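S.K.: Got a predicted model here, sequence first, then my questions.
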Amino acid sequence: MKTSQTQPALFVPHGAPTFALRPGAAGAAIADLARTLPPARAIVIVSAHWDTAVPTVGFADRPLTIHDFHGFPSALYAISYPATGCREVAEEVFAAIRAAGMAAERAPARGLDHGVWVPLRLMFPQADVPVIPLSLQSLGGPQQAWLLGRALAPLLRRGVLVIASGNVTHNLRDYQRAAGDGGAIPAYVRQFPAWLAERLQAGDTAAVLDYRRQAPGAVAAHPSEEHLLPLFVALGAAGDLPRVKRIHAGVDDFVIAMDAYSFAPVSA
């Protein structure tokens, strides 16, 4: 089936790897969100943990579960997410990126890193929707990530669900400080997500793209940008002035904002 009901683009948190074992309120929120979605042909997912120079599309028929972390509970290393790939949709993703004037590459054996399988295991626990991983290009910043999302926009109307996985704040050095200070949450962990939500819901894409200069606590929230850049992919994929819904807002591990968003194309 080539077409089905139009999908939204989503931004979901993946938190620390232990989010898979202790999903809490954020996990419940994204699981509930998944139950409201129309059936998808496949999921294209951009994770903060696959970063390449050129947009790269995963073509594996049965992508392996990658445990790309160290020193966590042994139960995490036993988790497998046995989703299949989908070469037909992977080719559509590759063609859409090329049609937008970007270079693109294929990765025949790319697996699913924890930025992919941790949220998908909560949202689609039966692993019954094919998954196509797509890489991020952190050196390109927000504008490039947004343009990558724009390239994916036609796929939403063909029944392909676009998911971006990251976190609205991500400063692991401050996690160590907060843990040593008795769990005090730094001010920016509240301020930056509030500013982002306000600008997104106002349709102020220009300000969001310029967040590093305009937002309070932006650099503290993201010493490096890779965990926020997936949000720009989801925003771009939903087209002009999408309907923005903040699905969840909360903080895990003192410094990790677990906000989730749905971006629905206006024609959907």
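M.R.: Yes, it's here. Numbering: from 1, shown residues only.
S.K.: Sketch out the low-pLDDT regions of the stretch 1-150 of the chain for me.
M.R.: Low-confidence segments of the stretch 1-150 of the chain (pLDDT under 70): 1-3.
S.K.: Report the secondary structure state of G140.
M.R.: helix (DSSP: H, G, I helix; E, B strand; the rest coil).
S.K.: Who are the contact partners of A104?
M.R.: Shown in contact with A104 (C-beta atoms under 8 Å, 6 or more residues apart in numbering): 54-57, 94, 97-98. C-betas here are computed from N, CA, C, even on glycine.
S.K.: In space, what's closest to it - neighbours in sequence excluded?
M.R.: In space, and not counting its chain neighbours, A104 is closest to I97: 4.2 Å by C-beta to C-beta, 6 or more residues apart in numbering.
S.K.: so what secondary structure elements neighbour the helix or strand where that neighbour lies?
M.R.: For I97, the host element (DSSP states H and E) is helix 87-99. Here helix 87-99 touches strand 42-51, strand 56-58, strand 131-136, helix 141-156, strand 160-166, going by 3 or more C-beta pairs under 8 Å, 6 or more residues apart in numbering; DSSP states H and E.
S.K.: before we move on, the earlier item: what's the distance between the residue nearest to A104 and P108?
M.R.: Distance of I97 to P108, computed by C-beta to C-beta, to the nearest Å: 17 Å.
S.K.: do G149 as well
M.R.: Going from G149 to P108 by C-beta to C-beta gives 24 Å.
S.K.: And P230, by the same measure?
M.R.: 23 Å.
S.K.: Please apply the same query to A197.
M.R.: 39 Å.
S.K.: likewise C86?
M.R.: Using C-beta to C-beta, C86 is found at 14 Å from P108.
S.K.: out of those two, which sits in the busier spot?
M.R.: C86 (21 against 11; other C-beta atoms under 10 Å).
S.K.: My understanding was that the residue nearest to A104 contacts G149; is that so?
M.R.: No - between I97 and G149 there is no contact under C-beta atoms under 8 Å: 10.7 Å.
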